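Peer 1: sequence and predicted structure below; questions after.
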Amino acid sequence: MKTSTTKPSLDRIIEHSHQTLKRFLGEYVTAIDMTIGNGFDTLFLAKSCKKVYGFDIQEAALMTTRNRLNETGLNNIELILDCHSNFKHYVKEPFRVVVFNLGYLPTSDKTVTTLSQTTLNALRGVLEVIEPGGIIAITVYPGHLEGAIEARDIEAFVKTLPSQAFTVLKYQIMNRHKAPYNIYINKH
Ligand SMILES: C[S@@+](CC[C@H](N)C(=O)[O-])C[C@H]1O[C@@H](n2cnc3c(N)ncnc32)[C@H](O)[C@@H]1O
């Protein structure tokens, strides 16, 4: 009898986010990356949609991402040096996919991290205007202090969203203390 040598496994956190987002992306879809960082999420989105708006408050994040993009030849990305809570000043067209990969850049200044209040401001704004059928993927990192506060506040908020209008899901490793996890919000 033949046996398989590959061991199947569950998706890791970012993998799960990308796999989930895939079904919402497409050639007519506009997406927003709320935290560019090293540009991995931006690049992933740009490969499968019409246009991506990316936000970060660190010039270094924009530079790293710009270099990464130059290597790919993709030209459907607008990188914006501003807080994501100001996204409405820049995004004037309908959008259907939003990614918040929160926290700080592991390779950079760890004090430059996303904060509960501005993240929630951005999230509230997104929920008002995202297209029906849209998806928001949020990765939270409760392993550091600000991340734990942010995770707590986001969870408290998303639990209050009316289930007739939004489906809210969580993908979390249950046997690893303070592991990062994903929250998904699908607008009906
Ligand atoms: C975990 S990293 C993002 C990882 C990134 N998506 C990637 O694929 O590499 C978080 C990023 O959020 C940025 N950030 C922190 N506060 C922000 C804010 N208010 N608005 C936009 N970006 C912010 C940080 O500068 C950092 O680059």
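Peer 2: Thanks, I have the structure now. Residues are numbered from 1 along each chain as shown.

Peer 1: what about the residue in the chain positioned nearest to the ligand, how many residues nearby?
Peer 2: Residue nearest to the ligand within the chain: residue 37 (2.6 Å; CB to the nearest ligand atom). From N, CA and C alone the C-beta is placed, and that goes for glycine too. Residue 37: 23 surrounding residues under other CB atoms under 10 Å.

Peer 1: please name the nearest non-neighbouring residue to residue 150.
Peer 2: Nearest non-adjacent residue to residue 150, counting by CB to CB, 6 or more residues apart in numbering: residue 116, 4.6 Å away.

Peer 1: mind listing what's buried in stretch 145-152?
Peer 2: 146, 147, 150, 151 (16 or more other CB atoms under 10 Å).

Peer 1: the third one in helix, strand or coil?
Peer 2: Right, residue 150. helix (DSSP: H, G, I helix; E, B strand; the rest coil).

Peer 1: likewise the one 4 residues further on?
Peer 2: Classification of residue 154 using three-state DSSP returns helix.

Peer 1: mind listing what the residue nearest to residue 150 touches?
Peer 2: Residue 116 is in contact with 146, 149, 150, 153, 154, counting by CB atoms under 8 Å, 6 or more residues apart in numbering.

Peer 1: contacting residues for the third one?
Peer 2: It refers to residue 150. Counting by CB under 8 Å, 6+ apart, the residues that residue 150 touches are 102, 114, 115, 116, 119, 140.

Peer 1: enumerate the residues of the chain near the ligand.
Peer 2: Listed as neighbours of the ligand in the chain under the rule CB under 6 Å from any ligand atom: 35, 37-41, 55-58, 61, 83-84, 101, 103-105, 112-114, 118.

Peer 1: so residue 114 sits right up against residue 35, yeah?
Peer 2: Yes - counting by CB atoms under 8 Å, residue 114 does reach residue 35; the two are 6.4 Å apart.

Peer 1: what is in contact with the two at once?
Peer 2: Common neighbours of residue 114 and residue 35, using CB under 8 Å, 6+ apart, are 100, 102.

Peer 1: could you point out where this protein is predicted with low confidence?
Peer 2: Low-confidence regions of the chain, defined here as pLDDT under 70, cover residues 1.

Peer 1: swap the cut-off to 80 and go again
Peer 2: Within the chain, the ranges that satisfy pLDDT under 80 run 1-4.

Peer 1: show me where it has its helices.
Peer 2: Using DSSP state H, the helices found in the chain span residues 13-22, 40-47, 59-72, 116-129, 145-158.

Peer 1: need the ones you listed in a markdown table with distance to residue 167, can you?
Peer 2: Output for those, formatted as a markdown table (distance: least, CB to CB, whole Å):
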| stretch | distance to residue 167 |
| --- | --- |
| helix 13-22 | 12 |
| helix 40-47 | 21 |
| helix 59-72 | 31 |
| helix 116-129 | 13 |
| helix 145-158 | 11 |
